[in-house]
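Q: here's a sequence, model it:
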Amino acid sequence: MNAVGSYEVRTRLLYTSRIGTVFLLLIDASIWLQRPDIVDFHHRVQPIPGPFVQDIYDFVVVGAGSAGAVMAARLSEICHWDVLLLEAGTDESFLTDIPFLYPTLQTSRVDWKFRTEPSDRFCLAMKDQRCRWPRGKALGGSSTINAMLYVRGNPRDFDAWRDLGNPGWSYDDMLPYFLKLEDMRDPRYANLSYHGRGGPISVERFRYHTPLRNHLLAGLEEMGLTNRYGEVNGPMQSGFAVPHGSIRNGLRCSTAKGYLRPAAARKNLHISTKTMVERVLIDPNDRRAYGVQFEKGGRRYQVMVSKEVILSAGALNSPQLLMLSGIGPRQELERHGIRVIQDLPGVGQNMQDHVATGAGGYTIRPPPGSPPLAYDFGDAVGVDTLRRFLFNEDGMLYGMSLCEVMGFLNTKYQDPELDWPDVELFLASLSDLTDGGRFGKRGSGISNNYYAQVYEEQVYQNSYMVIPMLSRPLSTGWLELASKNPHDHIRIHPNYFDNPKDMMVLIEGLKFAEALANTTAMRNINATLLDYSRSACRASNFPNKDDFYTCLVRHYTQTIYHPCGTAKMGPVTDPMAVVDRFLRVHHIGGLRVVDASIFPVITTGNTNVPTIATGEKAADLVKAAYAADLRAHADTLRECKTLHTDYSAKAMEESQAV
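A: Presented below is the predicted three-dimensional model:
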């Protein structure tokens with residue numbers, strides 16, 4: 001039966017996937033003709049070709065993601081500092097701007113396509129029992145492919161960083177950087193003291209919402225769980241609210257759009273895309289970074305630095321580059337024949353991630369004769385949807401399908417008096433039924449067999465999903481090299497549920513979903529848990545409800561792709577610390593790490609905004625380190641001149657001739 005079901009899924013997807021593909025191609029082509037605001041031709045980054053790369057820069061930033069783009073933009077504000085930004089991916093595509101299409105970006109050309117190592121403890125429903133871990137491979141990094149949810153975290157998170165031996169990183173220290181990066185455009189919140197105006201990252205509410213949102217909010221009101229301030233970045237994090245996003249005029253505002261495009265024409269900032277950094281060059285005698293080696297266009301380059309190399313390649317690639325450069329656990333480096341320059345056992349360790357489950361799917365039945373309450377695949381790929389997007393700048397493509405409402409809760413395992421929730425929940429106006437497996441199934445990596453067991457018989461039915469996410473996991477994982485070839489992906493061991501309490505907390509999230517479905521508001525639309533009777537998690541196998549939910553979580557495990565902590569910040573007395581509070585790599589000169597890998601502990605909520613704020617703070621730390629240099633050039637500290645460099649074939653020939 002299962003084999004036949006799996007075949008049916010493959011066959012149906014073979015035919016129906018073409019509809020989604022054609023729709024995406026149609027949107028992409030139409031944007032060229034009708035949406036110059038998305039094309040943004042005059043402000044997009046013009047990458048520097050290899051022959052124009054200088055031999056030496058003041059700073060080289062590796063990775064143009066959520067923190068790296070910030071570093072490059074802020075450091076190049078100093079006009080006499082030459083900055084080179086290296087990015088393995090390309091520019092953002094037109095489709096990355098569109099909120100509704102965010103699930104289609106996973107496994108696309110702007111995704112690194114990481115997968116975890118197989119496990120018998122989680123991701124059992126996924127192909128080869130391996131979780132997909134999307135990571136952005138483009139200018140803007142994961143801010144270019146994420147769900148755009150604007151969440152700072154909890155003040156206690158940053159106070160915990162300080163208390164772990166990192167003075168200067170408390171919430172009071174970080175708040176100025178949250179304000180600096182933010183351009184709050186929601187008039188209800190724009191003038192509040194704890195929000196910023198005029199920063200590079202625009203913050204708005206998503207423009208489109210399904211009718212289901214009102215039913216969800218009504219159910220939450222019945223339960224007494226709405227946030228009294230109407231948002232999760234205010235005086236209280238607990239409770240549910242309609243989310244804000246990193247959005248500008250209804251479209252994604254990545255760090256590429258917010259930071260790099262305004263800075264891209266500076267003559268002292270060179271941005272190189274399609275550039276694979278292979279290692280940091282470190283003098284083994286004085287243990288100081290003096291450059292980087294990278295491959296671009298089939299040619300290998302070595303570029304020197306007069307000041308610093310800054311690794312902002314993310315929580316997976318930054319530790320890999322450290323190890324490939326001779327910095328990391330001695331045993332791991334020697335296993336791959338890498339010369340050990342500095343034995344730092346914490347590199348690649350302490351990995352934390354916000355593990356979640358997609359098992360909280362529910363079907364709904366609106367009243368007879370009424371339109372769909374949740375997202376409908378036929379409507380989503382319809383002509384009217386495209387027309388509204390192109391000409392009215394509204395409609396379904398402006399919606400965030402996976403989070404119409406978001407919230408934070410204290411489960412029974414957390415002190416109810418503390419506003420420090422241990423579970424975050426995303427209320428989505430669709431499920432894996434909605435698109436028949438075209439994008440959601442592929443993004444999460446669900447196997448055809450599992451899809452056949454749980455979803456196929458109800459495919460395309462109106463539905464929603466409650467996605468509970470563990471806010472502060474107790475389990476930590478690790479990374480290890482596959483080889484010393486930089487093109488080989490790092491091996492990821494997330495170690496989910498190593499601590500049993502993590503599973504217990506996540507189960508409470510599924511119990512919340514059940515309670516929500518039992519409110520009057522949701523019973524009125526016949527909210528019903530998906531049918532698992534054909535799967536290994538059939539309820540009849542588990543008289544105990546917790547055991548049933550445990551089975552669901554172990555099968556449909558997913559990341560909210562927030563890995564962090566793999567090059568953690570801490571004092572030199574901490575044997576597992578990799579960088580100090582100035583983000584300088586311990587015992588190595590001229591090298592810093594600036595991205596989510598430095599988080600000592602994961603934040604309560606989505607990690608993109610804290611990562612951007614980390615970039616803002618790090619830029620100030622670097623500027624402070626060279627205060628004497630800045631004072632010496634005080635008369636030149638003005639707006640940097642721009643230069644529209646000619647990268648034509650003729651100019652390239654002239655450059656090579658010289």
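Q: Provide the backbone phi and psi angles at the nearest residue in space to Ala619 that is not next to it in sequence.
A: Setting aside the residues directly before and after it, Ala619 is nearest to Arg74 in space (CB to CB, 6 or more residues apart in numbering), at 3.5 Å. (Each C-beta comes from the backbone N, C-alpha and C, glycine too.) The phi/psi pair for Arg74 (degrees, to the nearest 10) reads phi -70, psi -40.
Q: equivalent analysis for the one 3 residues further on, please.
A: Dihedral pair for Glu77: phi -70, psi -20, per degrees, to the nearest 10.
Q: number of nearby residues for it?
A: 18 (other CB atoms under 10 Å).
Q: helices of the stretch 201-350 of the chain, residue ranges please.
A: 212-223, 255, 261-263, 314-324, 330-335 (DSSP state H, counting those that start in this stretch).
Q: most packed of these?
A: helix 255 (a mean of 32; mean count of other CB atoms under 10 Å).
Q: contact partners of that helix?
A: 64-67, 69-70, 140-141, 143, 200-201, 612, 615 (CB atoms under 8 Å, 6 or more residues apart in numbering).
Q: would you reformat the helices of the stretch 201-350 of the chain as CSV and include mean pLDDT?
A: Shown next, in CSV, are these (pLDDT from 0 to 100):
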stretch, mean pLDDT
helix 212-223, 98
helix 255, 99
helix 261-263, 97
helix 314-324, 99
helix 330-335, 98
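Q: let me see the contact set for Met148.
A: Pro99, Tyr102, Gly245, Ser246, Ile247, Arg252, Cys253, Met400.
Q: what do you get if the cut-off is 7 Å, keeping everything else the same?
A: By CB atoms under 7 Å, 6 or more residues apart in numbering, the residues touching Met148 are Pro99, Gly245, Ser246, Ile247, Arg252, Met400.
Q: and which of those residues is nearest Ser170?
A: Of all the contacts of Met148, Ser170 sits closest to Ser246, with 24.1 Å by CB to CB.
Q: would you map the helices across the stretch 401-550 of the chain?
A: Secondary structure of the stretch 401-550 of the chain (DSSP H, counting those that start in this stretch): helices located at 440-444, 448-454, 500-517, 520-523, 545-555.
Q: those helices into a markdown table, with extra columns for mean neighbour count, distance to Pro372 and mean pLDDT?
A: As requested, the helices of the stretch 401-550 of the chain are exported to a markdown table (neighbours: other CB atoms under 10 Å; distance: least, CB to CB, whole Å; pLDDT from 0 to 100):
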| stretch | mean neighbour count | distance to Pro372 | mean pLDDT |
| --- | --- | --- | --- |
| helix 440-444 | 22 | 17 | 90 |
| helix 448-454 | 23 | 21 | 95 |
| helix 500-517 | 20 | 18 | 98 |
| helix 520-523 | 16 | 16 | 98 |
| helix 545-555 | 21 | 26 | 98 |
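Q: in TSV, list the ones you listed along with distance to Ser119.
A: Below are these laid out as TSV (distance: least, CB to CB, whole Å):
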stretch	distance to Ser119
helix 440-444	16
helix 448-454	16
helix 500-517	14
helix 520-523	34
helix 545-555	9
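Q: do you know which of the ones you listed lies nearest Gly565?
A: Ranked by CB to CB, the member of the helices of the stretch 401-550 of the chain that lies closest to Gly565 is helix 500-517, at 15.1 Å.
Q: could I get that closest one in CSV with only the CA atoms?
A: Below are the C-alpha coordinates for helix 500-517, written out as CSV (Å, rounded to 0.1, in the frame of the first residue of the first chain):
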residue,chain,number,x,y,z
PRO,A,500,14.5,14.8,27.0
LYS,A,501,13.1,18.1,28.3
ASP,A,502,13.3,19.5,24.8
MET,A,503,10.8,17.0,23.5
MET,A,504,8.5,17.6,26.6
VAL,A,505,8.4,21.3,25.9
LEU,A,506,7.7,20.9,22.2
ILE,A,507,4.9,18.4,23.0
GLU,A,508,3.3,21.2,25.0
GLY,A,509,3.2,23.3,21.8
LEU,A,510,1.2,20.6,20.0
LYS,A,511,-1.2,20.4,23.0
PHE,A,512,-1.7,24.2,22.6
ALA,A,513,-2.6,23.5,18.9
GLU,A,514,-5.2,21.0,20.0
ALA,A,515,-6.6,23.5,22.6
LEU,A,516,-6.8,26.2,19.9
ALA,A,517,-8.7,23.8,17.6
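Q: got the contact list for that helix?
A: Applying CB under 7 Å, 6+ apart, the contact partners of helix 500-517 are 219, 223, 357, 359-360, 362, 409, 411-413, 422-423, 425, 466, 468, 470, 473-475, 497, 522, 527, 529, 546, 549-550, 552-553.
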